[in-house]
Each structure stands twice: as C-alpha cells, then as structure tokens.
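Trainee: Coordinates for the following, if possible.
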Amino acid sequence: MGKIALSIGPFHVYWYGMVIALAVVSAIASGIFQAKLRGQQTERIVDIALYGVPVAVICARIYYVITNWTLYAEQPGEMFFLWHGGLSFAGAVFGLLLTIILYSKWEKISFWYWADILAPGLALAQAIGVIANFVNQEAFGLPTSQPWGIYIDFNCRPAGYEQFDFFHPLFLYESLSAFLLFLLLTAVAIYQARCGRVKAGIVFLGYLIFLAMVRFILEGMYISRTDILGQLTAEQIISLLTMGICSWLVRAKIKE
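Mentor: Alright, predicted model coming up:
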C-alpha cells in the first residue's frame with residue numbers, strides 16, 4: 001500500500017491523514033452517543049472537538065518530537081512535516097485534556113462529568129488512529145518469526161536490522177487492546193449513566209491508566225528507543241507518573 005490515497009493535480013491526500021480523520025469522527029460519534037444517553041447537549045461535543053482537535057494535533061506532534069528528539073536532531077525541519085508520520089496519541093490526549101479543562105471552566109460545567117462522556121471515544125480513536133502507523137511502516141517492534149509479524153520494506157528498517165523482514169506490529173497490539181477497552185468503557189459508561197453508581201471521573205481516569213500502561217509496555221519493545229534514566233525512556237517515565245497520579249485520584253474519588 002502506498003502512502004498516497006489519491007491525487008488531485010499537484011495535491012495529494014495521504015492514507016495517514018484519512019485514518020486520523022476517521023479516528024476523530026469516530027470519537028465525536030461516540031461522544032454524541034454518550035451525551036444523548038445522559039440527556040445532555042450534543043453541541044458541546046462538537047464544540048470540544050472544534051477547539052480540541054487542533055490543540056490535540058499540535059500537542060501530539062510536540063510530544064512525539066520531544067520523546068523522539070534523536071530522530072529530528074540532525075533535521076529539525078522534518079518536525080513540521082506531519083504527513084511523514086510521528087503523532088503521539090498520549091500527546092493528543094494531553095491536548096484534549098487541556099481543552100476540556102479550559103472549556104469546562106469557561107462554560108461552568110463539570111470537567112469530570114464530560115471527561116467520562118468522552119473517554120470511550122478516546123479509546124476508539126486510539127484503536128483506529130494507530131493503524132496510521134501501518135501505512136507509514138512505523139511504530140513496529142523487534143524482529144519476529146511469528147505468523148502475525150508485519151513485513152517492513154528494506155528502506156524503512158532501522159540500521160542494524162536490514163537482514164530481518166518481519167517485525168512485531170506494535171500498532172496492532174495497541175489497536176486491539178484499545179478496541180477492547182472501548183467496549184469495556186462503553187459498558188461502564190452506560191451503567192454509570194443509567195444507575196449513577198460510578199463516581200464521575202472514574203471512567204476517564206481508568207482510560208488514562210490504561211493508556212499509560214500500554215504505552216509503558218510497548219515503549220520497551222521499540223527498536224528505536226532512547227533511554228534517559230537507566231533502562232527507561234522519557235515516555236515510560238511519563239507513563240509511570242501518569243499511572244501513579246491517576247491511581248491516587250481514583251482512590252480519592254472512591255472515598256468521596
């Protein structure tokens with residue numbers, strides 16, 4: 001599969017962008033469903049998306065560049081070419097989190113309440129969005145002889161691994177786990193909306209813990225990783241902090 005989906009004259013539409021767009025639309029659809037389930041205004045989901053998507057994309061790129069600076073140190077101009085790949089979903093979630101905080105303060109609505117509404121959609125967007133890595137042949141792991149290994153073109157293989165053909169499809173592992181989480185969070189959110197026995201914020205915090213856990217595990221399986229503290233990468237350290245803070249917040253909410 002080529003990277004270009006279609007061309008109109010000198011303009012190209014990339015598969016990478018189309019997958020990301022599908023992920024965004026899916027998250028919005030999930031949020032609208034959750035809002036309707038609670039009898040809330042669906043227009044708020046659209047508002048959050050209009051503000052949040054640009055911020056999320058910027059933060060996703062910044063996060064990726066910072067945690068993979070060795071890839072851009074010699075060619076800093078490359079960091080502006082988003083269509084070449086390189087968006088961190090963790091960074092996108094941070095950008096959206098910032099947007100929800102500011103939006104909830106501006107509109108005087110409950111941050112935790114609306115974060116729970118959006119949480120299942122974030123998991124679905126993650127499940128779809130990471131497939132973009134398949135198109136760009138990036139975010140794969142160590143070589144493998146397993147039947148589900150993905151073939152990587154010679155020019156996309158890291159230095160020292162040119163002799164290997166198949167690698168662990170880490171994006172597939174992340175996609176499948178995120179989709180299962182989407183189903184679980186949707187079920188919990190529906191129960192929360194109908195019974196009200198789940199404290200506001202638990203669904204969203206559960207998603208953040210999952211995201212941090214998956215990123216911590218997968219980061220340790222990447223070929224191109226840069227350790228900054230012993231055998232931990234910057235993203236793994238951030239993931240550990242996220243899991244710790246969110247676990248503390250969950251415990252505090254349960255005790256409320």
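Trainee: Buried by neighbour count: which residues of stretch 210-225 qualify?
Mentor: Using 16 or more other Cβ atoms under 10 Å as the test for burial, stretch 210-225 gives 210-212, 214-216, 218-219, 222-223, 225. C-beta: built from backbone N, CA, C; applies to glycine.
Trainee: what's the answer for stretch 26-34, then?
Mentor: Residues of stretch 26-34 classed as buried under the neighbour-count rule (16+ other Cβ under 10 Å) are 26-28, 30-34.
Trainee: Of the buried residues of stretch 210-225, which is the nearest to Ile45?
Mentor: Taking Cβ to Cβ as the measure, Ile45 lies nearest Leu211 of the buried residues of stretch 210-225, at 20.2 Å.
Trainee: which non-adjacent residue is nearest the residue nearest to the spatial centre of the chain?
Mentor: For the chain, the residue sitting closest to the mean C-alpha position, by Cα atoms, centre = their mean, is Phe89 at 2.7 Å. For Phe89, ignoring the flanking residues on the chain, the nearest one in space by Cβ to Cβ, 6 or more residues apart in numbering is Gln126 at 5.3 Å.
Trainee: wait, that neighbour sits on Leu208?
Mentor: No - judged on Cβ atoms under 8 Å, Gln126 makes no contact with Leu208 at a distance of 11.6 Å.
Trainee: right, and the helix or strand after the helix-or-strand element of the chain with minimal mean pLDDT?
Mentor: Across the helices and strands of the chain, the lowest-confidence element by mean pLDDT, DSSP states H and E is strand 227-229, at a mean of 59. Sequence-wise, the next helix or strand downstream of strand 227-229 (DSSP states H and E) is strand 232-233.
Trainee: starting at the chain centroid, how far to that following strand?
Mentor: In terms of Cα atoms, centre = their mean, to the nearest Å, the centre of strand 232-233 is set 19 Å apart from its chain centre.
Trainee: and that strand, average pLDDT?
Mentor: Rounded to a whole number, the mean pLDDT of strand 232-233 is 80.
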